[in-house]
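*Asks:* coordinates only, no sequence provided:
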Ligand code: HEM
């Protein structure tokens, strides 16, 4: 135990390291970890920040001392403007109750029922693709995952008349995310009463999605006058049917906040994971060839199903490696110590801010030799067994680990297999891709890619002959 602060950069008297941090946040933090080691202390404006780059210290904050750390007030203030008091932003016993009630909706048995939706929607997207066309693949992945979350969350079907619902909620959440990203860039949220364009957009968007979600919840309640609501197979049904030990259910406001949270947290992240996967595959033809060989051997042109996934281990390795290099949640929400404590032998006074960044952990050479290299082959079962628990953490950890972890991995695995079976994606020549690090890490300016047909017949050419499903 020491009474000293951990090592770190001096920074400017007033702003601390704000300017250096702002220029390239993920790589600035990575540089700090490489320079100062397991724990770095620095000042960001008025905040006393500790960056953790040691998996045991991370376990301390997320698991062992989880009760001593809350999400940072700044994060909660910005995010709750559109997520209300949902799972991502709530705290303490309320969070624990909501998590308990929401958990059954994410049990393996339930989410397995969504596999067909994921594949059907992907094939529907492919029907609009023609070999030789250029698409913004980041935008396409975003739309695809948004439709999937709309269908699985509240049964809004993207290609029927209820598709409008998905689009309305999607656009509203997108506007809210943009306003929140602006708050983060500024370093503080704007007071609600200021008549700025962001605030106006935010109010309109909250009104729109609240109305839409409330309407869906109201319709469900209306069909259940004499008993429990019907389980229509989506996540919302499960949330509405979930009953706590004291016999209580979620009320409409709680349901709305959880639906908005699941919608927002549940599609942009997965979409970014996929975009980075396509980008990396295009840069690494040898890995791509290996993926294609696996798909051709196992599927032989057949549409993938959930049961095929265990036979497609290389595809999974590709996704894990893409999420290592470009974790969509590149930094967890900040944590703040609510009481004096110690981490790694260093005193951590009440009010200290903790940064835990998957981007940093995933690029430490002690855990990932040759860390900058895209190497799906590194993900052997032996390597995974030897890897310390929080050295790889795209989904966070502890009691606030991502509730949609298994859902997202299944979705990414199925989408990758379905598309890569038919198409090879190539960056438009001359395109430079750089990460944009906001709430999530996405390719700045999108991902313009040319669609090249593989030898397996593309879905568009089949003209729906083998695939007449509900979404067509
Ligand atoms: C590749 C895709 C995804 C990634 C990388 C990801 C990442 C994360 C991370 C890192 C956290 C923890 C945040 C923190 O501790 O500060 C988190 C929390 C959360 N995620 Fe995900 N997520 C993904 C997909 C999903 C999906 C598909 C859903 C739902 C359908 C979802 C819903 C949530 C929720 C509700 C929380 C808050 C959990 C709590 O605090 O109890 N996520 N996610």
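*Replies:* Everything's here; your move. This is a predicted model, so every value here is computed, not measured. Numbers count the residues shown, from 1 in each chain.

*Asks:* what is the neighbour count of the residue in the chain that the ligand sits nearest to?
*Replies:* Closest contact between the chain and the ligand, by Cβ to the nearest ligand atom, is at residue 404 (2.2 Å). To be clear about C-beta, it is placed using only N, CA and C from the backbone, and glycine gets the same treatment. A count of neighbours around residue 404, defined by other Cβ atoms under 10 Å, yields 21.

*Asks:* who are the neighbours in contact with it?
*Replies:* The contact partners of residue 404, by Cβ atoms under 8 Å, 6 or more residues apart in numbering, come to 106, 262, 265-266.

*Asks:* state the pLDDT value of it.
*Replies:* pLDDT for residue 404: 97.

*Asks:* phi, psi for it please.
*Replies:* Backbone torsions for residue 404, taken as degrees, to the nearest 10, come to phi -100, psi 10.

*Asks:* hmm, who's touching whichever strand or helix holds residue 355?
*Replies:* Residue 355 belongs to strand 353-356 when assigned by DSSP states H and E. Contacts of strand 353-356 with the rest of the structure, by Cβ under 8 Å, 6+ apart, involve 29, 44, 47-52, 58, 61-62, 69, 72, 331-332, 334-337, 343, 348, 393.

*Asks:* just the buried positions in stretch 226-240, please.
*Replies:* In terms of neighbour count (16 or more other Cβ atoms under 10 Å), stretch 226-240 has its buried residues at 229, 234-240.

*Asks:* residues contacting residue 443?
*Replies:* 138, 275-276, 279, 433-436.

*Asks:* show me where the stretch 101-250 of the chain dips below the pLDDT cut-off.
*Replies:* Within the stretch 101-250 of the chain, the segments meeting pLDDT under 70 span 158-163.

*Asks:* before we move on, what about the stretch 301-450 of the chain?
*Replies:* In the stretch 301-450 of the chain, no residues with pLDDT under 70.

*Asks:* which parts of it sit against the ligand?
*Replies:* 328-329, 332-333, 394-396, 400, 402-404, 407-408 (Cβ under 6 Å from any ligand atom).

*Asks:* equivalent analysis for the stretch 51-200 of the chain, please.
*Replies:* 87-88, 99.

*Asks:* so residue 69 touches residue 335, yeah?
*Replies:* Yes. With contacts counted by Cβ atoms under 8 Å, residue 69 reaches residue 335, the gap being 4.2 Å.

*Asks:* overlap in contacts, these two.
*Replies:* Common neighbours of residue 69 and residue 335 (Cβ under 8 Å, 6+ apart) are 61, 354.

*Asks:* I'd like the next helix or strand past the top helix by length along the chain.
*Replies:* Across the chain, the longest stretch assigned as helix under DSSP state H is helix 197-222. Next helix or strand after helix 197-222 toward the C-terminus (DSSP H and E): helix 235-241.

*Asks:* how close does the closest residue to residue 365 other than its chain neighbours sit to residue 437?
*Replies:* Nearest residue to residue 365, sequence neighbours excluded (Cβ to Cβ, 6 or more residues apart in numbering): residue 371, at 5.2 Å. Going from residue 371 to residue 437 by Cβ to Cβ, to the nearest Å gives 18 Å.
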